[in-house]
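In: the following comprises the amino acid sequence and a computationally predicted model.
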Amino acid sequence: MWPVSDEFLEGLKYSGRMLTKVNLYRGPTLIASDIAIADGSVAVDGQSNVRRTLNLSVPDPTLLDILDPYACDVRVWRGMLFGNGIIEWVPQGLFRVWDVKYSRPGLGIDVTGLDRGGMVDTDEFIRPDVSPGNSSVIAECERILTDAGFPGLLDETGLPDTVGQRIVWDGTRWEALNALAASLGSSIFFDAIGTPIISPDSPGLHVWDVEAGTTGVLVKTDVAVTREGVFNCVIAEGEHPKSNNPIRTVAKDLNSESPTFWDTNPNAGGFGHAVTKVSSAVWNTQDKCDRAATRILARSTGKVRSVDLSSVPNPALEPGDVLAVSYVDGTEEELVVDSFTVPLVGGDFTVKARSKRTMTV
């Protein structure tokens, strides 16, 4: 979660006055500040290469000439106004204008913006690119991003693993970046201020209490329980860079209290067996295979129980955050945030989340 004060979180419970700020830029140059918007939202999806997507409705027709998809960037903040007049701002993203639509008469302008992930997505390797084998995984991610024009990767993994061999990248930059990040059990993305980050996927302690009742923030929940797309065994495969011997990890859900427990007897009345295989030339050590398999397994088994939470908007949330949810009937559970949409003017705030799983593999 983006760092906010306790007063900010407390203010969410009591419908503290929320504000929105939208500025326009060309490069680092501010070209229009505090522009008025009629409506808007920021959709945040932790499973997408484009983590943040902006939609704006701008009533001022004089902004049409600068709201273009060629070089215009939009920075958005949500803020809470406290009784003492202080505003605490939370960034919502740095977006390149991607689409602009308008109609006459009236010239209301509808704008779609994508975070920097959209620009990396369209900047494929012009020719096959070779990774230095002795480079660290972090340095190789930094090299690929810098070549696309986005240096300054922030490493939150602290892992020193090297790439281990010369790898030819012949697909998209995101295919390379995601494979490298998975080898560290991590995700790579652009954050709410446009900084590229590689961060471990392991859910930590809960960051927000979502409680029902008159003093809580929870409005309603919709729960889905499914087997679709859920695996309780992940086989990750790679290859040793020198001996060419296969490297293999078989990660199973071995938590006997888990609803997706891998029981040796599928007829015993449990979940049974659901297996998926994944492979990458990047996973060329046992540690890398282990991390990738465990990461995919934890994400998959959590999807067996998914929850859509409607609550008061919390613009400080991030995908991967853990919520402590308390229901009206007194039951509690911890959920991991996958995606949500922050309204910029008004409207519903729905969080899509999955069960937090403590894996025994």
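Out: All right, it came through fine.
In: find the nearest non-adjacent residue to residue 17, please.
Out: Of all residues not flanking residue 17 in the chain, residue 81 sits nearest, at 4.4 Å (Cβ to Cβ, 6 or more residues apart in numbering). C-betas here are computed from N, CA, C, even on glycine.
In: burial count for that neighbour?
Out: By the criterion of other Cβ atoms under 10 Å, residue 81 has 14 neighbours.
In: bridging residues for it?
Out: Per DSSP bridges, the residues bridged to residue 81 are residue 17, residue 87.
In: show me where the stretch 101-250 of the chain has helices.
Out: The residue ranges that make up the helices of the stretch 101-250 of the chain, judged by DSSP state H, counting those that start in this stretch, are 116-122, 137-147, 173-183.
In: on that earlier part again, quick one: contacts for the residue nearest to residue 17?
Out: By Cβ atoms under 8 Å, 6 or more residues apart in numbering, residue 81 lies in contact with 16, 17, 18, 19, 87.
In: for those, pick the one with the most neighbours.
Out: Ranked by neighbour count under the definition other Cβ under 10 Å, these are headed by residue 18 with 21 neighbours.
In: pretty sure that one sits against residue 78.
Out: Yes - here residue 18 lies in contact with residue 78, judged by Cβ atoms under 8 Å, at a distance of 6.1 Å.
In: which neighbours do those two have in common?
Out: 313, 315.
In: now do the residue nearest to residue 17 against residue 158, distance only.
Out: 38 Å (Cβ to Cβ, to the nearest Å).
In: and if you look at residue 232?
Out: 30 Å.
In: more neighbours: which of the two?
Out: Regarding residue 232 and residue 158, a neighbour count based on other Cβ under 10 Å identifies residue 232 as having more, with 27 against 8.
In: what's the more buried one in contact with, if anything?
Out: Contact analysis of residue 232 by Cβ under 8 Å, 6+ apart lists 252, 253, 260, 261, 262, 271, 273, 274, 297, 300, 301.
In: cool, and residue 337?
Out: Contacts for residue 337 were tallied using Cβ under 8 Å, 6+ apart; they are 46, 317, 318, 319, 320, 321, 322, 323, 351, 352, 353.
In: before we move on, back to that, now for the helices of the stretch 101-250 of the chain, which one comes closest to residue 312?
Out: Closest to residue 312 of the helices of the stretch 101-250 of the chain is helix 116-122 (Cβ to Cβ; 27.8 Å).
In: which parts of that closest one are buried?
Out: Across helix 116-122, burial judged by 16 or more other Cβ atoms under 10 Å covers 116, 117, 118, 119, 120, 121.
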